[in-house]
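Novice: Pasting the sequence and the predicted coordinates here, then a few questions.
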Amino acid sequence: MFGSAIMPLKSVNDAKHWRDRAAEMRVLADTMKYDETWRIMNQLADDYDILADKAQERAGHDTNVPSPRPHHWLSPQQLRRD
């Protein structure tokens, strides 16, 4: 076990908490120099979005709000094109 920090149960079931983590991870990913690091960090962000979806389901919401950003199945070069 790493450290003594324990996540409050409230956070586990809080979709906003996970979506915020996803957004933070994407901001950090965009500062990465190497494409592979960028891809891994965006995959982690996608995983946070999945946790948010699960938290939302546990909360009993009738509608499932889609993730604010699409999952990153494209290459970094394809996603960075504007």
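Specialist: Cool, got the structure. Keep in mind it's a predicted model, so treat the numbers as computed, not measured.

Novice: C-alpha only now, for contacts and for neighbours.
Specialist: Will do.

Novice: Relative to S11, how far out is D53?
Specialist: 13 Å (Cα to Cα, to the nearest Å).

Novice: Let me know how buried the residue lying closest to M32 once chain neighbours are set aside is, in neighbour terms.
Specialist: Using Cα to Cα, 6 or more residues apart in numbering and skipping the chain neighbours, the partner closest in space to M32 is W38 (5.6 Å). Applying other Cα atoms under 10 Å, we find 20 residues neighbouring W38.

Novice: quick one: what helix or strand has W38 in it?
Specialist: Under the criterion of DSSP states H and E, W38 resides in helix 35-58.

Novice: Grab the CA positions of that helix and hand them over as PDB.
Specialist: The C-alpha trace of helix 35-58 is given here as PDB (Å, rounded to 0.1, in the frame of the first residue of the first chain):
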ATOM      1  CA  ASP A  35       3.700  10.700 -28.300                       C
ATOM      2  CA  GLU A  36       3.700   7.500 -26.300                       C
ATOM      3  CA  THR A  37       3.500   9.300 -23.000                       C
ATOM      4  CA  TRP A  38       0.700  11.500 -24.400                       C
ATOM      5  CA  ARG A  39      -1.200   8.400 -25.500                       C
ATOM      6  CA  ILE A  40      -0.800   6.700 -22.200                       C
ATOM      7  CA  MET A  41      -2.000   9.700 -20.300                       C
ATOM      8  CA  ASN A  42      -5.000  10.100 -22.500                       C
ATOM      9  CA  GLN A  43      -5.900   6.500 -22.000                       C
ATOM     10  CA  LEU A  44      -5.800   7.100 -18.300                       C
ATOM     11  CA  ALA A  45      -8.100  10.000 -18.800                       C
ATOM     12  CA  ASP A  46     -10.500   7.800 -20.700                       C
ATOM     13  CA  ASP A  47     -10.300   5.300 -17.800                       C
ATOM     14  CA  TYR A  48     -11.300   8.100 -15.400                       C
ATOM     15  CA  ASP A  49     -14.300   8.900 -17.700                       C
ATOM     16  CA  ILE A  50     -15.300   5.200 -17.400                       C
ATOM     17  CA  LEU A  51     -15.100   5.500 -13.600                       C
ATOM     18  CA  ALA A  52     -17.300   8.600 -13.900                       C
ATOM     19  CA  ASP A  53     -19.800   6.700 -16.000                       C
ATOM     20  CA  LYS A  54     -19.900   3.900 -13.400                       C
ATOM     21  CA  ALA A  55     -20.300   6.300 -10.500                       C
ATOM     22  CA  GLN A  56     -23.200   7.900 -12.400                       C
ATOM     23  CA  GLU A  57     -24.800   4.500 -12.800                       C
ATOM     24  CA  ARG A  58     -24.400   3.800  -9.100                       C
END
